[in-house]
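J.: okay, predicted coordinates and the sequence, questions at the end:
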Amino acid sequence: MDELDKLKKEWQSREHELPKISYNDIYKMLLKKSSSIVKWIFIISVAELLFWLSLYLIIPDDNIKLMHDMGIGNILYYSNILHFIVFAVFIYFFYKNYQSIQVTDSTKMLMQNILKTRKTVRYFVYYNVGMFILSSIVIDTFFYTNSSKLYKVMDFASKGVPQENFANVFVITQILVGVVVIGLLLLFYWLVYGILLKRLKSNYSELQKMES
Amino acid sequence: MNKELEHSFVIQLEKNQNIVHKICRLYTNDQDSHNDLFQEITIQLWRAFPKFRGDSKFSTWMYRVALNTAITLYRKSKRQISTQDFESISFKIKAEEYDDTIEQQLKLMYGAVKKLNDIDKALVFLYLEDKSYREISETLGITEVNARVKMNRAKDKLRKILNP
């Protein structure tokens, strides 16, 4: 291709037009922080863990008391601990992925490794959304089947809430709130991880096409 | 990291910085992104430097790390190429040395290369850098035969961009 070869000739002879960065400026750059995709995945996951953890810590006492009065306080407490342990394991995997990614690998190998990180991210999202749905179903079913106890514990009678239809209204509200939260959660993951990794995925499929 | 290692790294990068600038120009569309990518590549090169054993030339090793950073690690903005940006960063051809037609052709070709996807861009870049197909295949992690096939396809794509 003539034009490309002409450009190649020019390419070699025009290097003096490129900017020059001084020794000192390069030296300063060594002290700057990297902002690579993998590093961001790691940082975001840690930030997320802290977010959920802080959310758990600011749950009003009334709520915790309600769960205890309903007889599921301990179960919730231990399942939360288990949940955070799984979270920590995921963060360990993110960190391991982050460490194992070598920029000196071939492009294909590097992408493969980053896509492995992507897989971990996907499982992390599945786990989080799955756990949220599962726990919502379990808690809502429990409340529904124990609605008269809930009515008493929350002292709705003194607030003038009629007992007929109480269970239905309560559970439907819970489900609606749950759906909104799941929607927000999915939007968050889609925005954060989806966009971070979209370009990489299309690059990887380009490389794969080369082999076909 | 010790001072000697830092010094030796900065000296070598300063000497070979053209490679990084050329990659930054191909993979970014404005000066700020160019500077960002240059910095990210410098950081990645520096992080990988202790493992650089000198089996290959520093420049050869740089191609791999710099391209990998541009293609996979760098979170570039999806800003569209504006005419002004293109004029300011595209391959500048001196008007007094070349007639208008050649100048125009080269500008168009450079613009077409910039429109290729990240992987094709890397292939064409290494071709422009006069790298052998063996080196191209090693950098990208594909076979030599595939590098040739892919290069021909990239040339086809360039033809289509230039003659839609």
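T.: Great, that's in hand. In this text, all values refer to a predicted model and were calculated from it rather than measured experimentally.
J.: residues in contact with the residue in chain B that chain A sits nearest to?
T.: Residue nearest to chain A within chain B (CB to the nearest CB): B:G141, separated by 2.9 Å. For the C-beta atoms, the positions are set from N, CA and C on the backbone; glycine is no exception. Applying CB atoms under 8 Å, 6 or more residues apart in numbering or on different chains, we find B:G141 in contact with A:105-109, A:207.
J.: was I right to think B:K114 contacts B:K121?
T.: Yes: the criterion here is CB atoms under 8 Å, and B:K114 meets it with B:K121 at 7.4 Å.
J.: show me the shaky parts of the chain.
T.: No chain specified, so I'll use chain A. For chain A, the stretches with pLDDT under 70 are A:1, A:211-212.
J.: actually chain B
T.: For chain B (pLDDT under 70), the answer is B:1, B:75-100.
J.: what domains does the record give for it?
T.: The record, using automatic domain parsing to delimit domains, assigns chain B the ranges B:1-78, B:90-164.
J.: just give me the neighbour total for A:K8.
T.: A:K8 has 16 neighbouring residues, counting by other CB atoms under 10 Å in any protein chain shown.
J.: how about the contacts made by it?
T.: B:127-128, B:130.
J.: look up phi and psi at it.
T.: In terms of degrees, to the nearest 10, the main-chain angles of A:K8 are phi -60, psi -40.
J.: for A:S79, see how far away it is.
T.: For A:K8, the distance to A:S79 equals 63 Å [CB to CB, to the nearest Å].
J.: hmm, back to that, identify those among the contacts of B:G141 that sit within helices.
T.: A:107-109, A:207 (DSSP state H).
J.: tell me which two of those residues sit farthest apart.
T.: A:M109 and A:L207 (10.1 Å; CB to CB).
J.: the two: who's more crowded?
T.: Between A:M109 and A:L207, counted using other CB under 10 Å, the more crowded position is A:L207 (22 against 15).
J.: what sits against the residue nearest the centre of chain B?
T.: With distances taken as CA atoms, centre = their mean, the residue of chain B nearest its centroid is B:I23 (2.5 Å). By CB under 8 Å, 6+ apart, the contact set of B:I23 is B:37, B:41, B:66-67, B:70, B:125.
J.: let me know the secondary structure of it.
T.: helix (DSSP: H, G, I helix; E, B strand; the rest coil).
J.: re earlier: the contacts of B:I23 also near chain A: which ones?
T.: Under the cut-off given by CB under 8 Å from any CB of the partner chain, chain A has B:L67 from the contacts of B:I23 close to it.
J.: got a quick PyMOL command for the buried subset of the contacts of B:I23?
T.: Listed next is the PyMOL selection for buried residues among these, using 16 or more other CB atoms under 10 Å in any protein chain shown:
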select buried, chain B and resi 37+41+66+67+70+125
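J.: now render the contacts of B:I23 as a markdown table, adding secondary structure.
T.: Listed next are those as a markdown table, based on three-state DSSP:
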| residue | secondary structure |
| --- | --- |
| B:L37 | helix |
| B:I41 | helix |
| B:A66 | helix |
| B:L67 | helix |
| B:A70 | helix |
| B:F125 | helix |
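J.: so B:K157 makes contact with B:K121?
T.: No: in this structure, B:K157 is not within contact of B:K121 by CB under 8 Å, at 10.5 Å.
J.: more crowded one of the two?
T.: Neighbour tally, B:K157 and B:K121, criterion other CB under 10 Å: the higher count belongs to B:K121, 20 against 17.
J.: ok, now how distant is the more buried one from A:D105?
T.: 19 Å.
J.: okay then, goodbye and thanks.
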